[in-house]
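Engineer: 3D model of this:
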Amino acid sequence: MVSRFCWPLITVLGLVGLAPGLLGAQEEGGEPALWQTARELRDQALEGTEAYALVRSLTVEVGPRSAGSAGDKAAVRWGQAKFQGMGFDAVRLEPVMVPHWERRREEGAIVAPYPQPMHLCALGGSVATPPEGVEAEVVRVDSLDALEALDPAGVAGKIVFIDVGKMERTPAGSGYGPAVQPRGRGAALAAPLGAVAVLIRSAGSDTNRTPHTGAMRYADGVKKIPAAALSNPDADLLAAQLDGATAEAPVRFRLLLDTVNHPEEESHNVIAEIHGRENPEEVVLIGCHLDSWDLGTGAIDDGAGCAIAMEVGRRIAALPQRPRRTVRVVLFANEEFGLSGARAYGEAHADQLALHRGAVEADLGAGRVYAFRSRVGDAQLPTVQAIAALLQPLGIDYQGNDAGGGADLRPLRQAERPVFDLRQDATYYFDWHHTANDTLDKIEPAAMDQNVAAHAVLVWVAAEVAEGF
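Structural biologist: Purely as a prediction, here's the structure:
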């Protein structure tokens, strides 16, 4: 029996080939204005949008906005003010409690056998070292499995270096999953073995001396030890010294982290709505996350996504007629440090999740969209294929009915609501992701316009088509 969300490959490929015909059939069914408006939204966006100006405003006027920080609060005010000037029918703030972790100072160096300064950064949530830092011999592993297999006698009192190798570069960003595992679990696995600190190779595809931060996790009942990420060149340098190390001349490292975990702070999901003219209780959601890490200005992660979502909403709000369903733009709080905004949204709207008729999140930078995925019931696949036909002129291919949705859409995905992916080219995204190099100069305005065009088509059709998802 065919799954509700998965058709055989031959069937999906067959529908892709029929997409233009399906689009015509949809029009003949009595909704030509729907498809004409979708084309106009697409083509007009390619002539130029305000998306680049929006992300420029966010990065210049607010900048870094890690959860709980002053920048976070400024970003909420920024989002609310921008929405209020965009023609939405309603703008509101929904409270979210978020963690507040602060980076103050970080230093690292190989002290023996060949002293070298290191470029590193504390992982988000890491505890501090003692004020004088920690200095210890380094033990290296190439995987978390290898770490768990170590004899505690060989780890006690040492710094563990988890070196899984440099992240593979791909347009889909598929190398990130394997590369990021040590960041999340490394300290929790090393501490019970007696390690005094953990170093990881940055989860990034670059060769720059700009380390990548990101959230790490401690385990309940396990001692908390400091954790830091080395830039890829510095990880290479440490590995090279370890290659030549001997029992008589081990590699020793000094790490100093000054970090503070403050009490939780109140932040907000920033929400704007275009009320549906016929079924206002039904919602089509387009989202992003408003927070960022503290090292860069959060341009690609996720200022670009917020600019795309806001501009799509602005353009639909400016149409002569409201769509059938409500379009809701959500700037989620604290995706980076635990999905606080997503959880709060799921809880606040628990009795309305079933009325969500589609959702998409922009959270993979500012590269051009090259792939479209859906996760809908079988009966809705003809509409999906009609959307795919409209996206093809943008260089976007339909890749199947197994979309994951964005991280902030997890409550909707768990509720089995329809979600979509408009997959952006992430070839260079993980060069800059979570680093001081996440800045505005990485964004191409024309690529932002193509993103707006694609997202506008999807959101408009989902909100307007008579037989919704």
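Engineer: helix or strand: which one has Leu58?
Structural biologist: Secondary structure assignment for Leu58, by DSSP states H and E: helix 51-61.
Engineer: over to Val111?
Structural biologist: Counting by DSSP H and E, Val111 is found in strand 90-112.
Engineer: by contact count, what packs against the helix or strand following that strand?
Structural biologist: Next along the chain after strand 90-112, taking DSSP H and E as the criterion, comes strand 116-118. Judged by 3 or more C-beta pairs under 8 Å, 6 or more residues apart in numbering; DSSP states H and E, strand 116-118 is in contact with strand 90-112, helix 232-243. The C-beta positions use only the backbone N, C-alpha and C, and glycine is treated the same way.
Engineer: as a whole number, average confidence for strand 116-118?
Structural biologist: Across strand 116-118, pLDDT averages out at 98.
Engineer: list the buried residues in that strand.
Structural biologist: Met118 (16 or more other C-beta atoms under 10 Å).
Engineer: count residues in the vicinity of Asp402, would you?
Structural biologist: The number of residues packed near Asp402 is 14, by other C-beta atoms under 10 Å.
Engineer: so it makes contact with Arg373?
Structural biologist: Yes. Between Asp402 and Arg373 there is a contact under C-beta atoms under 8 Å: 6.4 Å.
Engineer: what's the helix holding Leu58 packed up against?
Structural biologist: helix 70-84, helix 304-317, helix 445-464.
Engineer: please list the residues outside that helix that contact it.
Structural biologist: Taking contacts as C-beta atoms under 8 Å, 6 or more residues apart in numbering, the residues outside helix 51-61 that touch it are 74-75, 78, 82, 297-299, 303-304, 306-308, 310-311, 366, 439-440, 443, 445, 448-449, 451-452.
Engineer: need the buried ones from these selected in ChimeraX.
Structural biologist: Typed into ChimeraX, the next command selects the buried ones out of those (criterion: 16+ other C-beta under 10 Å):
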select :74,75,78,82,297,298,299,303,304,306,307,308,310,311,366,439,440,443,448,449,451,452
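Engineer: contacting residues for Phe420?
Structural biologist: Gly358, Ala359, Val360, Phe372, Arg373, Ser374, Arg375, Ala403, Gly405, Leu458, Ala462.
Engineer: any idea how far the fifth one lies from Asp302?
Structural biologist: It stands for Arg373. 19 Å (C-beta to C-beta, to the nearest Å).
Engineer: next one: the last one
Structural biologist: Taking C-beta to C-beta as the criterion, Ala462 is separated from Asp302 by 21 Å.
Engineer: how about the first one?
Structural biologist: With distances taken as C-beta to C-beta, Gly358 is found 20 Å from Asp302.
Engineer: could you do the third one as well?
Structural biologist: With distances defined as C-beta to C-beta, the gap from Val360 to Asp302 amounts to 13 Å.
Engineer: more neighbours, those two?
Structural biologist: Asp302 (32 against 28).
Engineer: rewinding a little: from the contact counts, what lies against the strand holding Val111?
Structural biologist: With contacts taken as 3+ C-beta pairs under 8 Å, 6+ apart, strand 90-112 sits against helix 70-84, strand 116-118, strand 120-122, strand 227-230, helix 232-243, strand 252-274, helix 340-348.
Engineer: show me what counts as buried in it.
Structural biologist: 91, 93-94, 96-101, 103, 106, 108-110.
Engineer: what mean pLDDT does the helix or strand containing Asp431 have?
Structural biologist: Using DSSP H and E, Asp431 sits in helix 429-432. In this model, helix 429-432 carries a mean pLDDT of 97.
Engineer: show me what counts as buried in the helix holding Leu58.
Structural biologist: Ala51, Tyr52, Leu54, Val55, Arg56, Leu58, Thr59.
Engineer: and the two most separated of the residues you listed?
Structural biologist: Ala51 and Thr59 (12.8 Å; C-beta to C-beta).
Engineer: starting at the chain centroid, how far to the helix holding Leu58?
Structural biologist: 18 Å (C-alpha atoms, centre = their mean, to the nearest Å).
Engineer: that one to helix 70-84, inter-axis angle?
Structural biologist: 150 degrees (axes from the mean of the first three to the mean of the last three C-alpha atoms, to 10 degrees).
Engineer: just the CA atoms of helix 51-61, as PDB, please.
Structural biologist: What follows is helix 51-61, C-alpha atoms only, in PDB (Å, rounded to 0.1, in the frame of the first residue of the first chain):
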ATOM      1  CA  ALA A  51      14.300  41.500   0.300                       C
ATOM      2  CA  TYR A  52      18.000  42.600   0.100                       C
ATOM      3  CA  ALA A  53      17.100  46.000   1.700                       C
ATOM      4  CA  LEU A  54      15.400  44.100   4.600                       C
ATOM      5  CA  VAL A  55      18.300  41.900   5.400                       C
ATOM      6  CA  ARG A  56      20.600  44.900   5.000                       C
ATOM      7  CA  SER A  57      18.500  46.800   7.500                       C
ATOM      8  CA  LEU A  58      18.500  43.900  10.000                       C
ATOM      9  CA  THR A  59      22.300  43.400   9.800                       C
ATOM     10  CA  VAL A  60      23.200  47.100   9.900                       C
ATOM     11  CA  GLU A  61      20.600  48.300  12.400                       C
END
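Engineer: do you know the pLDDT at the closest residue in space to Thr297 that isn't next to it in sequence?
Structural biologist: In this structure, Thr297 finds its nearest non-sequential neighbour in Thr59, 4.1 Å apart by C-beta to C-beta, 6 or more residues apart in numbering. With respect to pLDDT, Thr59 has a value of 98.
Engineer: and Gly21, by the same measure?
Structural biologist: Taking Gly21 on its own, its pLDDT is 46.
Engineer: out of the contacts of Phe420, the closest to Ala348 would be?
Structural biologist: Ala359 (15.2 Å).
Engineer: so what's the closest one bridging to?
Structural biologist: Under DSSP bridges, the beta-bridge partners of Ala359 are Leu285, Val419.
Engineer: how close does it sit to Ile286?
Structural biologist: 7 Å.
Engineer: any stretches of the stretch 351-469 of the chain with poor pLDDT?
Structural biologist: Within the stretch 351-469 of the chain, no range satisfies pLDDT under 70.
Engineer: could you pull out the strands for it?
Structural biologist: 356-361, 369-375, 397-398, 419-424 (DSSP state E, counting those that start in this stretch).
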